[in-house]
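> Model the structure of this input:
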Amino acid sequence: MELKAAALVSALLCLALSRGALSQRARAPIVETPAPAPAPRHVELAELLSLAGPYGKFLEYLTKTDVIKTFQSQANDTKQGITVFAPQDSAFAALNETVLSNLTADQLRSLMLHHAMPRYYQLSAFSALAAASPVSMFAYKVNVTYAAGTIGVVSGWATAKLASSVYSTSPVAVYALNRVLLPKEIFPAAPEMAPVPAPAPAPGRGGKAMADAPGASERAASDNAGAKSSSCRVVGAGSLVLGYVVLVVSGFLMV
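Below you'll find the model as predicted:
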């Protein structure tokens, strides 16, 4: 009886060991799963415009009209991207103050939307854009010009020049403009420009700036008096020399 039990235990052990060996051979090899690629870092347009340079006025209007949210959403789209044309602060200063303040909220929003394309374009693509003009912005259209490496953006009453590349890495491009785009859809007539300040008078002796300076009249009177005194001294000296010459000549004749 004990022998049969031992034989049964041995058979069960052999069966268990054989099944374990088979399961180990049939087990699929372990394959390491690669770590997921990091999500692309989105460019924060508000931060970029704030730190890049003189684009404070443009950023102010983008924020006021909520267009910054539209642009940022498009900037996060890695398939299409965005191309922003940012007028410099000097471009806004060239406009009369009432040009933008007289616009309705919808008009101002459309004007800001008119300063970006809903697609990323690097600088090398602008020659093709010029050939395909007019091209669409978020609102209305513009004509792109390309000549000898100089890029222009023409919209209604404004012919702007692309001054520099602020940022250009897909899917976001930001380019600086020297003028604000002024589409005729918003401005039926040419907007009024800010008055150009008169140049300051060049400083110079005897000029108006010198004459208006404090104490100028006193200095002028003193200079005139000095000039008269010098003239008198010169005339007196001339008379003495002439008298001496006459005496010498007279003495020679008497001899």
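> Tell me which residues of stretch 128-141 come out buried.
By neighbour count with 16 or more other C-beta atoms under 10 Å, stretch 128-141 contains the buried residues 129-130, 135, 137-140. For glycine as for every other residue, the C-beta is placed from the backbone atoms N, C-alpha and C.
> Return the subset of those lying in helices.
129-130 (DSSP state H).
> for the buried residues of stretch 128-141, which one is nearest residue 44?
Among those, residue 138 lies closest to residue 44 (C-beta to C-beta), at 18.8 Å.
> Tell me the confidence at the closest one?
We have a pLDDT of 98 for residue 138.
> How about residue 53?
So residue 53 comes in at 86 (pLDDT).
> Quick check, it in contact with residue 165.
No. Using C-beta atoms under 8 Å, residue 53 and residue 165 do not qualify as a contacting pair, with a distance of 11.9 Å.
> follow-up on the earlier one: can I get the buried residues of stretch 128-141 in JSON lines with distance to residue 178?
Output for the buried residues of stretch 128-141, formatted as JSON lines (distance: C-beta to C-beta, whole Å):
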{"residue": "129", "distance to residue 178": "18"}
{"residue": "130", "distance to residue 178": "18"}
{"residue": "135", "distance to residue 178": "19"}
{"residue": "137", "distance to residue 178": "18"}
{"residue": "138", "distance to residue 178": "21"}
{"residue": "139", "distance to residue 178": "21"}
{"residue": "140", "distance to residue 178": "20"}
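> Could you pick out which of the buried residues of stretch 128-141 are located in strands?
Among the buried residues of stretch 128-141, the members falling in strands (DSSP state E) are residue 135.
> which stretches of the stretch 1-150 of the chain have low pLDDT?
1-41 (pLDDT under 70).
> Spell out which residues are contacts of both of residue 53 and residue 165.
Common contact partners of residue 53 and residue 165 (C-beta atoms under 8 Å, 6 or more residues apart in numbering): residue 176.
> thinking again about what came up before, and of the buried residues of stretch 128-141, the nearest to residue 160?
residue 137 (12.6 Å).
> So what's the residue count around the closest residue to that closest one other than its chain neighbours?
Among residues not flanking residue 137 along the chain, residue 114 sits closest, at 5.2 Å (C-beta to C-beta, 6 or more residues apart in numbering). Residues lying near residue 114 (other C-beta atoms under 10 Å) number 23.
> which residues does residue 114 contact?
Per C-beta under 8 Å, 6+ apart, neighbours of residue 114: 137-140, 142, 155, 181, 183, 186.
> Leaving out chain neighbours, which residue sits closest to residue 192?
Here the residue nearest residue 192, using C-beta to C-beta, 6+ apart, is residue 96, at 4.1 Å.
> ok, so what distance separates the one you found from residue 130?
31 Å (C-beta to C-beta, to the nearest Å).
> now do residue 115
Distance from residue 115 to residue 130, by C-beta to C-beta: 18 Å.
> does residue 176 sit in a helix, a strand or a coil?
Classification of residue 176 using DSSP: H, G, I helix; E, B strand; the rest coil returns strand.
> Then residue 190?
coil.
> in this structure, which spans are strands?
82-87, 116-117, 135-136, 141-147, 150-155, 158-169, 172-177.
> So which of the ones you listed is nearest residue 44?
Among these, strand 172-177 sits nearest to residue 44 (C-beta to C-beta), with 9.8 Å.
> re the thing from before, show me the one of the strands of the chain that comes nearest residue 67.
Comparing these under C-beta to C-beta, the one sitting nearest is strand 116-117, at 8.3 Å.
> follow-up on the earlier one: closest to residue 66 out of the buried residues of stretch 128-141?
residue 138 (12.8 Å).
> Can you tell me, leaving aside adjacent residues, what's nearest to that closest one?
Going by C-beta to C-beta, 6+ apart, residue 138 has residue 113 as its nearest residue, at 3.9 Å.
> got the contact list for the one you found?
Residue 113 touches 67, 70, 137-139, counting by C-beta under 8 Å, 6+ apart.
> Same check on residue 139?
Counted by C-beta under 8 Å, 6+ apart, residue 139 has contacts 110-111, 113-114, 183.
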